[in-house]
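Trainee: Sequence unavailable; structure follows:
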């Protein structure tokens, strides 16, 4: 590998500037309200950005704050957020959220240990809320961050949680808050989990492609290698 982590991220930040804006950046542009950031982030898990944006808009139109959300039934929440991924579970989480926030005076807490006590909140969501809503230095590791950091060999981990722990030791603090948006944009556009576009990637010559599965395919009667998928530690 010829690029260190900081050089890679500096170049990558410039590369993704013209890419589709990930939902995390759309949330940050539209609001810093901790309640809305939390809810939109819960909705975004395993869901396309466009679907998340639509569901958030419908829900916030009826429930712009925690008090309005408390007035909605679980069934109403479910109808408003469909078709986000796992909408049944997410409706349950959001229905329980008002009660869960009562110990915090109906406010979203700004400490990770307290955020993790809320329904539907894991480390990725908690760190994103800390970063976007409270402007705290936090590393939000989702599947894109976990995958790309392993492909490049900056970490050798089997879970997003382990990746976050390692990145806390090696990642310059100036990249903590923006790492997720950079790598999500890159992961959605180029470094995809299935069908990564290695042949047209700016970093193809430097990337070690750890865990990226090659397949020999026929093209104009000649064999060529095409990278088709990624499997951590594969």
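Mentor: Thanks, I have the structure now. This is a predicted model, so every value here is computed, not measured.
Trainee: On the pLDDT front, check the residue most central in space within the chain for me.
Mentor: The residue lying closest to the centre of the chain (CA atoms, centre = their mean) is residue 142, at 4.4 Å. pLDDT for residue 142: 93.
Trainee: Skip the chain neighbours and tell me the closest residue to it.
Mentor: residue 124 (5.1 Å; CB to CB, 6 or more residues apart in numbering). Placement of C-beta: from N, CA and C, glycine included.
Trainee: ok, the one you found - contacts?
Mentor: By CB atoms under 8 Å, 6 or more residues apart in numbering, residue 124 lies in contact with 45, 140, 141, 142, 160.
Trainee: Could you point out the helix or strand that follows the helix or strand harbouring it?
Mentor: In the assignment (DSSP states H and E), residue 124 maps to helix 123-134. Scanning forward in sequence from helix 123-134 by DSSP H and E, the next helix or strand is helix 143-151.
Trainee: quick one: contacts of that following helix?
Mentor: Residues external to helix 143-151 that are found in contact with it (CB under 8 Å, 6+ apart): 155-157, 159-160, 163, 167, 179-180, 183-184, 186-188, 191, 193, 207-212, 230, 232-233.
Trainee: about what we covered before: and the furthest pair within the contacts of residue 124?
Mentor: 45 and 141 (13.1 Å; CB to CB).
Trainee: Look up how far residue 136 lies from residue 110.
Mentor: 7 Å (CB to CB, to the nearest Å).
Trainee: ok, residue 45 and residue 141, which is more surrounded?
Mentor: residue 141 (28 against 18; other CB atoms under 10 Å).
Trainee: before we move on, the earlier item: distance check, the residue nearest to the centre of the chain against residue 77.
Mentor: In terms of CB to CB, residue 142 sits 24 Å off from residue 77.
Trainee: try residue 202
Mentor: 42 Å.
Trainee: quick one: which of those two has more around it?
Mentor: Neighbour count, other CB under 10 Å: between residue 202 and residue 77, residue 77 has more, with 22 against 13.
Trainee: Just give me the neighbour total for the residue lying closest to the more buried one once chain neighbours are set aside.
Mentor: In space, and not counting its chain neighbours, residue 77 is closest to residue 91: 4.6 Å by CB to CB, 6+ apart. Neighbour count of residue 91, defined by other CB under 10 Å: 23.
Trainee: returning to what we had before: how big is the angle separating the helix holding residue 124 from helix 143-151?
Mentor: With axes from the mean of the first three to the mean of the last three CA atoms, to 10 degrees as the basis, helix 123-134 and helix 143-151 are set at 110 degrees to each other.
Trainee: pretty sure residue 90 is in contact with residue 81, am I right?
Mentor: Yes - between residue 90 and residue 81 there is a contact under CB atoms under 8 Å: 6.1 Å.
Trainee: Common neighbours of the two, please.
Mentor: Common neighbours of residue 90 and residue 81 (CB under 8 Å, 6+ apart) are residue 43.
Trainee: how near is residue 184 to residue 124?
Mentor: On the measure of CB to CB, residue 184 and residue 124 end up 11 Å apart.
Trainee: again with residue 99
Mentor: 23 Å.
Trainee: Quick one: name whatever helix or strand follows the lowest-mean-pLDDT helix or strand in the chain.
Mentor: Sorting the helices and strands of the chain by mean pLDDT, DSSP states H and E puts helix 23-30 at the bottom, at a mean of 63. Where DSSP H and E defines the elements, the next helix or strand beyond helix 23-30 is helix 34-44.
Trainee: list the buried ones in the helix or strand just after that following helix?
Mentor: With elements assigned by DSSP H and E, the helix or strand that comes after helix 34-44 is helix 49-62. Neighbour counts using 16 or more other CB atoms under 10 Å place 49, 51, 52, 53, 54, 55, 56, 59, 60 of helix 49-62 among the buried residues.
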